[in-house]
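Student: Only the shape, not the letters, is given here:
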């Protein structure tokens with residue numbers, strides 16, 4: 001019984017971790033009324049890898065590749 005509960009706990013924990021990773025993998029921009037998800041195309045401005053659609057941000061020119 002204990003092993004079954006522990007297995008269920010780890011399954012739920014894995015599911016929650018996957019959802020959080022999915023939510024953190026896209027950037028959001030907040031306006032006064034809505035929140036919209038976006039990513040920068042190649043050549044767009046970025047500060048982190050997750051800002052780019054390709055997930056490749058070149059830090060020195062601050063642009064997506």
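Tutor: Noted; the coordinates are in hand. As the structure is a computational prediction, the values presented were derived from the model and not from experiment.
Student: ok, which stretches of this protein are strands?
Tutor: Counting by DSSP state E, one finds strands in the chain at the ranges 27-30, 35-38, 57-58, 63-64.
Student: how about low-confidence regions in the protein?
Tutor: Along the chain, the model assigns pLDDT under 70 to residues 14-37.
Student: For residue 51, list the residues it contacts.
Tutor: 27, 39-40, 44-45, 57, 64 (Cβ atoms under 8 Å, 6 or more residues apart in numbering). (Glycine included, C-beta is placed from N, CA and C.)
Student: Put together CSV for those, with neighbour count on each row.
Tutor: Listed next are the contacts of residue 51 as CSV, based on neighbours: other Cβ atoms under 10 Å:
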residue, neighbour count
27, 16
39, 16
40, 17
44, 15
45, 12
57, 20
64, 21
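Student: Pipe those into a markdown table and attach distance to residue 51 per row.
Tutor: Converted to a markdown table, the contacts of residue 51 look like this (distance: Cβ to Cβ, whole Å):
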| residue | distance to residue 51 |
| --- | --- |
| 27 | 5 |
| 39 | 7 |
| 40 | 5 |
| 44 | 8 |
| 45 | 8 |
| 57 | 6 |
| 64 | 7 |
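Student: of those, closest to residue 5?
Tutor: Proximity of the contacts of residue 51 to residue 5 (Cβ to Cβ) peaks at residue 27, which lies at 37.4 Å.
Student: what's the distance between the closest residue to residue 58 other than its chain neighbours and residue 50?
Tutor: Leaving aside its sequence neighbours, residue 58 sits nearest to residue 65 (Cβ to Cβ, 6 or more residues apart in numbering; 5.5 Å). For residue 65, the distance to residue 50 equals 14 Å [Cβ to Cβ, to the nearest Å].
Student: again, but for residue 10
Tutor: Applying Cβ to Cβ, the value for residue 10 to residue 50 is 26 Å.
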